[in-house]
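Student: Give the three-dimensional model of this entry:
(chains A and B)
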Protein chains: 2
Amino acid sequence: MERAERDGRFDHLFTDTVRETLEDDAYGAWRSAAAEDAVPLGLGFPYPESFPNDELVEAAAAIFETEGDVALQYGGGEYADHLEEFVAERARERGIDCTEGELLLTNGATHAIDAICRTFLEPGERVVVEAPTFMGALSVFRNYGVEITGIDVDRDGLDVDALGAELESRRRRNEALPTLVYTIANFQNPTGTTLSGERRHALLDLASEYDFVILEDDAYGELRFDGEVLPTLSELDDEGRVIHVGTFSKTIAPGVRTGWVIGHEEIVREIRGVAAGGANTFTRGVLGRYCAEGHLDHAVPELRRAYERRRDHLLRCLEASMPDEVVWTEPDGGFFVWVELPSGIDTEELLPRAAEEGVVYLPGSMFYPGDRGGNGLRLSFSQAPPEEMERGIEALARTVRSALPAE
Amino acid sequence: MERAERDGRFDHLFTDTVRETLEDDAYGAWRSAAAEDAVPLGLGFPYPESFPNDELVEAAAAIFETEGDVALQYGGGEYADHLEEFVAERARERGIDCTEGELLLTNGATHAIDAICRTFLEPGERVVVEAPTFMGALSVFRNYGVEITGIDVDRDGLDVDALGAELESRRRRNEALPTLVYTIANFQNPTGTTLSGERRHALLDLASEYDFVILEDDAYGELRFDGEVLPTLSELDDEGRVIHVGTFSKTIAPGVRTGWVIGHEEIVREIRGVAAGGANTFTRGVLGRYCAEGHLDHAVPELRRAYERRRDHLLRCLEASMPDEVVWTEPDGGFFVWVELPSGIDTEELLPRAAEEGVVYLPGSMFYPGDRGGNGLRLSFSQAPPEEMERGIEALARTVRSALPAE
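Tutor: From the prediction side, this is the model:
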């Protein structure tokens, strides 16, 4: 509905937190960032040819063939169970300790983040995020009525020293300390940067010293193209303070909406309690079979190569077209490149012109908890066909040039 | 994990509400109520032959054939959209006003109930439920730290007069009034009773007078075998106070985990906000195609006939075997019959003996918010093969006889 039509007749019945977010955009509002004939460099959508359509149909047929009496029942069949084991085993292969009771499958990573918030966050408590960070997580945090503090990201990811200084200063002033720190340590959304090994250790030390939990969103962790694989925060964690979130959205498809939480069993038990009742055993069975057949193991290296080529191509296009005043990140994996225009240029204001020129990006301000980031923008190399990227980046370059102050 | 092993090291970080429910059973713990060789009359599971396995595989193949580039993408394709329209149209056919903005698809009915709770319930607020009621809903309400009041159910469903008296008394004593009343008006879980037409109007009057919302859980509404179709509370509601919840768990299969909320658009908008991020577009596309092909329209009358035969058979078995001291309900639809043994017999204590005799039921106490219902039990006619029901009820009758006081 149009907001102007709201008459607020039920507002007094809503919770305080809901009342405070009445004017917020709906989750996913950013998906409307598309324009006909414009090259889609805004959204973190996987490219359509990556979707394993045939394999999922085969998997569905196979589970109904072998366990058709239970595949659609509450609880599902053996393939749904197998998916849990598969995710746990894959986590262990990556160095993440994961035994029974330490894993919970969820309806995607955002559902996982939401359930973690519900377990830990009271209204008015404090959450620390990277600035910029994933707008979907910001939207979930806001739903919990918490105070959100953004700590800058540089080329080595979250500035953990700055976080340490902030925490120390808060403690000295006797101010509230955060309950939870949210980080996308690998190929961060939106900057593409990766938290350095040293900073991972330092962040864990801070968690221990200041008694917070770390929500490690590892949506892109399997999609590294360059550089050395770094241990996840979860692997480095001795205290059980890291809650690791993963998803199949980027390695199978967003539409299967399946993610997971891995953490200390006392934490996972409570998350399971609040995330109750929504297990899609149809999807879990299909994915369990898909993974058991080895399709995921086969797909991930192919996806890495495909996204690497896409990243390379996008960076080449940027190099070729962008004015000297513009800088951008060079990610070792994931989906995103972060671009910064000269300060004073507002990428949100600029977007309609860009769309007209033939490109869509996401403006930087949507990735910040506060009123910042106006001159940044996120480009994704995940969705647009490579052959269109050049046209898109040329359109972006023209748009940027038109906004630069005359020399 | 075994609870004895909990060391509570993270308890201080959990929210107050989570801390208060640390000892609660996990959602779905009742599903362990099964015993080898015992006839399964406990769980509300649809019978396996009802699952449309082949049709879902065909639907999956068809959506990938026609919209394979978007079926697995964020947002999904046209068939996923179609599912929303289909649910809305089907609701309208049943007399429920449902236009755009008034419907939200969810990951099953429990997810819908959860999201409604999150929109309306602050810890310490009050919820009214039928006593007995669906244990899954009780489990969700408890997660919100609310006070739960049970109002008795008789053969015409929720005793609305008793609710009125309770509300009046609370108002007179200046005590907190409920924010939300939860009712399963059609073929209630666990009693199988249906709220009479007169009481539906009276309940709506109370909602208006005492300013609460009604959560109408209509999970079984389409499965009426006998008697006149009554208008849903949603249809009768002039003020937008009824939030209607439906699900495909009983008409397609539990494993597709797809339900919905229908309500006033100002309410649905906020529920959408808190239920963010978990749309399984794969399942939605498959179901959209399944429904578009007319399979649901074809299946529902067949399911009605099948469940009717099952109900008739179970009632005949009860009639034939049970001692005179035992009474039970005769539902016009749904999955359940509620049985009451002479007071003083504890059906929870009796369950192991029943399982040994060859039958499993769910003990009554689990359906009550407080410490009541010890002599009740729920039987389901949805899952067990009809040819086994006789054996199951005979086992139940033997068990009950063994517990009756010697004459």
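Student: Every contact and neighbour count from this point should use C-alpha atoms.
Tutor: Fine.
Student: how about the helices in the stretch 151-300 of chain A?
Tutor: Ranges of helices in the stretch 151-300 of chain A, per DSSP state H, counting those that start in this stretch, are A:160-172, A:197-210, A:233-236, A:265-274, A:281-292, A:295-321.
Student: what's A:Gly240 in contact with, if anything?
Tutor: A:263-264 (Cα atoms under 8 Å, 6 or more residues apart in numbering or on different chains).
Student: On the pLDDT front, check the residue lying closest to A:Ala219 once chain neighbours are set aside for me.
Tutor: Using Cα to Cα, 6 or more residues apart in numbering or on different chains and skipping the chain neighbours, the partner closest in space to A:Ala219 is A:Gly246 (5.2 Å). A:Gly246 is assigned a predicted lDDT (pLDDT) of 98.
Student: Contact partners for A:Gly246?
Tutor: Contact analysis of A:Gly246 by Cα under 8 Å, 6+ apart lists A:109, A:217-219, A:259-261.
Student: what's downstream of the helix or strand bottoming out on mean pLDDT in chain A, the next helix or strand?
Tutor: The weakest-scoring helix or strand in chain A, judged by mean pLDDT, DSSP states H and E, is helix A:16-20 (a mean of 90). Toward the C-terminus, helix A:16-20 is succeeded by strand A:39-40 as the next helix or strand (DSSP states H and E).
Student: near chain B at all, that next one?
Tutor: No - Strand A:39-40 lies out of reach of chain B by Cα under 8 Å from any Cα of the partner chain, never closer than 14.0 Å.
Student: What is the neighbour count of whatever residue of the stretch 251-400 of chain A ends up closest to chain B?
Tutor: Of all residues in the stretch 251-400 of chain A, A:Gly255 sits closest to chain B, at 4.2 Å by Cα to the nearest Cα. The tally of other residues near A:Gly255 (other Cα atoms under 10 Å in any protein chain shown) stands at 27.
Student: OK, contacts around the residue nearest to it when sequence neighbours are not counted?
Tutor: Among residues not flanking A:Gly255 along the chain, B:Leu72 sits closest, at 4.2 Å (Cα to Cα, 6+ apart). With contact taken as Cα under 8 Å, 6+ apart, B:Leu72 is in contact with A:51, A:53, A:253-256, B:281-282.
Student: element containing B:Leu72, please.
Tutor: Counting by DSSP H and E, there is no helix or strand that carries B:Leu72.
Student: Same question for A:Tyr74.
Tutor: Here A:Tyr74 is assigned to no helix or strand, by DSSP H and E.
Student: if I look at it, how far off is chain B?
Tutor: 5 Å (Cα to the nearest Cα, to the nearest Å).
Student: burial measure for that residue, as a count.
Tutor: Residues lying near A:Tyr74 (other Cα under 10 Å) number 24.
Student: got a pLDDT number for it?
Tutor: On the pLDDT scale, A:Tyr74 gets 93.
Student: Please apply the same query to A:Met1.
Tutor: pLDDT, A:Met1: 36.
Student: Need the single longest strand in chain A, by residues.
Tutor: If you go by DSSP state E, chain A has its longest strand at strand A:147-154.
Student: helices and strands around that strand, which ones?
Tutor: Taking 3 or more Cα pairs under 8 Å, 6 or more residues apart in numbering or on different chains; DSSP states H and E as the contact definition, the neighbouring helices and strands of strand A:147-154 are strand A:126-131, helix A:160-172.
Student: out of these, nearest to A:Ile345?
Tutor: Among the helices and strands packed on strand A:147-154, strand A:126-131 comes nearest to A:Ile345, with 18.5 Å by Cα to Cα.
Student: neighbouring strands for that closest one, and are they parallel or not?
Tutor: Sheet pairing for strand A:126-131, assigned by DSSP bridges, gives strand A:147-154 (parallel), strand A:180-183 (parallel).
Student: any idea of the mean pLDDT for stretch A:168-176?
Tutor: When pLDDT is averaged over stretch A:168-176, the result is 97.
Student: Contact residues of the stretch 101-250 of chain A facing chain B?
Tutor: Near chain B, when you scan the stretch 101-250 of chain A using Cα under 8 Å from any Cα, you find A:101, A:107-108, A:110-111, A:118-122, A:140, A:143, A:179, A:212.
Student: From the residues you listed, pick the one nearest B:Arg9.
Tutor: Proximity of these to B:Arg9 (Cα to Cα) peaks at A:Phe212, which lies at 12.2 Å.
Student: Surely that closest one is in contact with A:Leu167?
Tutor: No - between A:Phe212 and A:Leu167 there is no contact under Cα atoms under 8 Å: 10.9 Å.
Student: that older thread, what's the spacing between the residue nearest to A:Gly255 and A:Leu303?
Tutor: The gap separating B:Leu72 from A:Leu303 is 16 Å, by Cα to Cα, to the nearest Å.
Student: A:Ala185 too?
Tutor: The gap separating A:Ala185 from A:Leu303 is 20 Å, by Cα to Cα.
Student: Looking only at neighbour counts, state which of the two leads.
Tutor: The neighbour comparison of A:Ala185 against A:Leu303 (other Cα under 10 Å) goes to A:Ala185, with 29 against 21.
Student: how about low-confidence regions in the stretch 51-200 of chain A?
Tutor: Applying pLDDT under 70 to the stretch 51-200 of chain A flags no residue at all.
Student: Distance-wise, check the residue nearest to A:Gly255 relative to B:Arg200.
Tutor: From B:Leu72 to B:Arg200 the distance is 42 Å (Cα to Cα).
Student: Same check on A:Ile214?
Tutor: With Cα to Cα as the criterion, A:Ile214 and B:Arg200 are 49 Å apart.
Student: Which secondary structure element is home to A:Arg398?
Tutor: helix A:386-403.
Student: what angle separates that helix from helix A:295-321?
Tutor: Comparing the axes of helix A:386-403 and helix A:295-321 via axes from the mean of the first three to the mean of the last three Cα atoms, to 10 degrees yields an angle of 40 degrees.
Student: List the beta-bridge partners for A:Thr247.
Tutor: Bridge pairing for A:Thr247 - DSSP bridges - gives A:Gly259.
Student: shouldn't the residue of the stretch 251-400 of chain A closest to chain B be in contact with B:Thr281?
Tutor: Yes - in this structure, A:Gly255 is within contact of B:Thr281 by Cα under 8 Å, at 4.6 Å.
Student: Next, show the common contact partners of these two.
Tutor: The contact sets of A:Gly255 and B:Thr281 overlap at B:71-76 (Cα under 8 Å, 6+ apart).
Student: circling back: and A:Ala395, which of the helices and strands packed on strand A:147-154 is closest to it?
Tutor: Once the helices and strands packed on strand A:147-154 are compared by Cα to Cα, strand A:126-131 is nearest, at 27.1 Å.
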